[in-house]
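Q: Sequence and predicted structure are below.
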Amino acid sequence: MKIDVHHTDGLEACVVECWSCKGPASPRALFCSVCGAVQPPRPLDHFQRLGMMPGFDVDLSELERHYFGFQRRLHPDRFAGKSGKEKLHSQQQAMALNEAYETLKDPLKRAVYLLKLKGCKLDDADGATISDPKLLMEQMEAREALMEADSAEEVQAILARTESDIAFAVDDLSQAFQAACLMGAEKLVLRLKYLIRLSDEARGRKARLMKGA
Amino acid sequence: MSDEILFDIFEPGESPLPHANDEVAVGIDLGTTNSVVAISKDGRPEVLRDAKARALIPSVVAYGQDGSVIVGHEAREQILDRPQDVVSSIKRLMGRGLEDVKAVAGQLPFVVDQDATGMVRLIVAGRTLSPVEISADILRAVRDQAERALGKKVPKAVITVPAYFDDAARTATKDAARLAGIEVLRLVNEPTAAALAYGLDQGAEGLYAVYDLGGGTFDVSLLRMEKGVFQVKATGGDAALGGDDIDHLIAEKFLAERGEAKLDAGKVKQALMTARVAKECLTSRDGGEWMLEFEGRTSRHQLTRAELETMIAPLVLRTMTICRQVLEDGGAQPADVKGVVLVGGSTRVPAVRKAVADLFGTLPLANINPDEVVAVGAAQQAEALTHGSDTLLLDVTPLSLGLETMGGIVEKVIFRNTPIPTAMAQEFTTYQDGQTAMMIHVVQGERELVSQNRSLARFTLSGIPPMAAGAARIRVTFTVDADGLLTVSARETATGVESEVQVKPSYGLSEDEMADMLKDSLEHAKEDMAARVLAEAKVEARRNALAVIAALSHDGDLLSPEERLVIDQALAGLDCACTGNDRDVVLAASEELEAATKPFAEKRMDRGIRKALAGVSMDNLEKRVGE
């Protein structure tokens, strides 16, 4: 798990000032190597923050292991008796870790984040319109089928199909990222968004139908 | 530099906590029906009992016309003699407005009032009391029991709250502790505390559910336990569902059978007590007969377990629906759950156990005392926070937090089940040309409309430079800390003009009210507060001194003997200031140290940058974790 420090811009980025002992500290250090004080989170991307290789394919158990490892040292519970500033920095560190973990553990959030890292401008407004006619047709039909389904079994069948579509879309995303095909990945992200929304709605409808039964 | 503490240098992140040895911190389960206090020493938890070896302290307070306050067993014994002066189940009103409690007000034998902010107040024994004050009275009694059992002062505690408590109820709980003169180390969710106690005791690993049906609240949490990490995956519940509701159902049935025309506090309380006895009997028996006796008339009431189960079926079903939702939120199937831990006295009801077993397909784990497990977990967390520990609790926020937008619709900023601490920001814009202020309304809950959720706070962000509609960029940031408490701030970023407002939603007491009460309180709260501020200043000063000493031992060669002397003198001055009790002197000495070390800090930074320029990578200084 070696991270290249030299891709940060400029030399000053190689040394930052420790807020506590005011001496030089490494920008990646969680604790000052001289005085031991917890450092505030530095501007790292989520992959760097959790010590993961950047990419769509993430080993979830490795991700979790890293996340737990960092939280073990940085969580505010470890700083309950410490000074106010240390508590504050620990809280900021834990927040940054939580945000990174939440983003990377979810395939859709991870894909959107990765595309943004690579400079793609994604329209993440909820009301994003579907410009791809094929996707539009597919989603309209699926939605109609869901509306018409009036038994829990029917909805369950739609739900199972949607979940399998989601799994395939995630596989396709993985291949698109491996092939560095960002256009394709963007399209798949949109499809995945709609599929996940469809599965949420199907689950909601199923719950209502089961309650009514 | 006579103070030896200054010479203890520890591995980064490994330094012991200040005053680690003389700190006594307990865990308190502040329950609807009963409260329990426990302590953990060297990893061994112990429930603290009264002189009669009783662990449970009834969360009941009896107020006298003479201003006396009695808490616990004695207070409960007086319920029937003077029902209008005895308060029970106050937890159900924590952080509630008058509107929220109208539904239960008919069952409350008190006159209910509201304060200026719409929060509920009770009129008891000629006094107007907030739920926060009543809870503070309970907490004082709990602490007294702990102090008697331990034979020393207990200034700090971890206090548990239902996982499903909203921000208002959490704030109210923290306020109650403050009023009682207890420093809250952390608010911990009850099911999480139970999981900690259970997991540490049984060495459990894997995915577990905690089903916690208490006197007045229901929680269910799904947790991953692994090698000392307790990670909450999802949580859900109902802050107004518990064993009390079962008592009410039985009491209503009995009173209806009796044909009572006019109810008063005494009759209701007697019926409720009889109902509780009936409920408890029916956990082991199939049926029985109970009597109500007042106004010289005795009525007999029969109830079988089967009848009771039919009566409470809707309540049990409601908890099952919440369990299913939590499983779904946690992305799990019932079969994935390795075990279900039962917490709360109401889980002794056989119908509840059966429903849990049916849903999860596994017999629930009841080899722990469901009344004490939460306090034990809280005590273990209190020890972890004061003496350090290898275990880690990673909790989530139970309810979504959002803002009111156009048309009374909620825009969620933090979704439920987000790991805490967390900070999330959302951008909004103005909708009128030249608009210079914006109303910000913070709400909590899952529903779409503002009116269906709990309103936490309203504030106005003013000073927005006049611009065309939609040009301003207002960034609203929500921060939820490790206690689950929310802070909201807002600023306008489009023009670089930043005006920031910090809002702490407060549904407990206003700061002024709190200050007044602290002044009145018998706990010498003012001195306590001053002592706490002084202690904080000393912690910060000692930390500064340690940092300078570490720097000296690392880079001391940069200094001439004269320069070194200046720093040593400043350190000695700070050390001396810390032996006194004047906060201003401590702060001044800290500032002197900072000034004295400024040239040293500059030399160190210079050396650091020169090393970097020379291509000496700082890599080797990095601390890595994760494996």
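A: Received, thanks. Residues are numbered from 1 along each chain as shown, chains lettered A, B, ... in the order given.

Q: Let's test this: name the helix or strand in chain A with the lowest mean pLDDT.
A: Here the helix or strand of chain A ranked lowest by mean pLDDT, DSSP states H and E is helix A:133-148, holding a mean of 84.

Q: Now whichever helix or strand comes after it: average pLDDT?
A: Per DSSP states H and E, helix A:133-148 leads on to helix A:152-178 as the next helix or strand towards the C-terminus. Averaging pLDDT along helix A:152-178 yields 92.

Q: What residues sit buried inside helix A:152-178?
A: A:152, A:154-156, A:158-159, A:162-163, A:165-166, A:169-170, A:172-174, A:176-177 (16 or more other Cβ atoms under 10 Å in any protein chain shown). (C-beta placed from N, C-alpha, C; glycine too.)

Q: Any buried residues in the next helix or strand after that helix, and which?
A: Downstream of helix A:152-178, the next assigned helix or strand under DSSP H and E is helix A:182-212. In terms of neighbour count (16+ other Cβ under 10 Å), helix A:182-212 has its buried residues at A:185-196, A:198-199, A:201-203, A:205-207, A:209.

Q: ok, and of the residues you listed, which contact chain B?
A: For chain B, the contacts drawn from the buried residues of helix A:182-212 by Cβ under 8 Å from any Cβ of the partner chain are A:203, A:207.

Q: rewinding a little: from the buried residues of helix A:152-178, list the ones also adjacent to chain B.
A: Counting by Cβ under 8 Å from any Cβ, nothing from these sits close to chain B.

Q: so where's the chain uncertain?
A: If you meant another chain, say so; for now it's chain A. A:1-13, A:123-130, A:211-213 (pLDDT under 70).

Q: sorry, should have said chain B
A: Low-confidence segments of chain B, defined by pLDDT under 70: B:1-22, B:101-111, B:115-118, B:496-529, B:615-627.

Q: give the contact list for the residue of it found nearest chain A.
A: Chain B approaches chain A most closely through residue B:608 (2.4 Å), counting by Cβ to the nearest Cβ. Residue B:608 makes contact with A:15, A:23-25, B:618, according to Cβ atoms under 8 Å, 6 or more residues apart in numbering or on different chains.

Q: ok but it is inside a strand, no?
A: No. Per DSSP: H, G, I helix; E, B strand; the rest coil, residue B:608 lies outside any strand segment and is helix.

Q: Tell me the spacing between it and residue B:254.
A: Remark: distance between residue B:608 and residue B:254 (Cβ to Cβ, to the nearest Å) = 78 Å.

Q: mind listing what residue 187 touches?
A: All of this is about chain A. Taking Cβ under 8 Å, 6+ apart, we find residue A:187 in contact with A:132, A:135.

Q: oops, chain B please
A: B:158-161, B:170, B:173-174, B:483-485.

Q: Then residue B:492?
A: By Cβ under 8 Å, 6+ apart, the neighbours of residue B:492 are B:461, B:463-465, B:472-475, B:498-499.

Q: And it, how close does it get to residue B:158?
A: Distance of residue B:492 to residue B:158, computed by Cβ to Cβ: 39 Å.

Q: Can you report how many residues lie near the residue of chain A found nearest chain B?
A: Residue nearest to chain B within chain A: residue A:24 (2.4 Å; Cβ to the nearest Cβ). Per other Cβ atoms under 10 Å in any protein chain shown, the neighbour tally for residue A:24 reads 26.

Q: any idea how far it is from residue B:555?
A: 9 Å.

Q: Find residues that contact each of these two.
A: In terms of Cβ under 8 Å, 6+ apart, residue A:24 and residue B:555 are both contacted by the residues B:604, B:607.

Q: Quickly list the domain ranges of chain B.
A: As assigned by automatic domain parsing, chain B contains the domains B:25-242+B:313-394, B:243-312, B:401-513, B:524-621.
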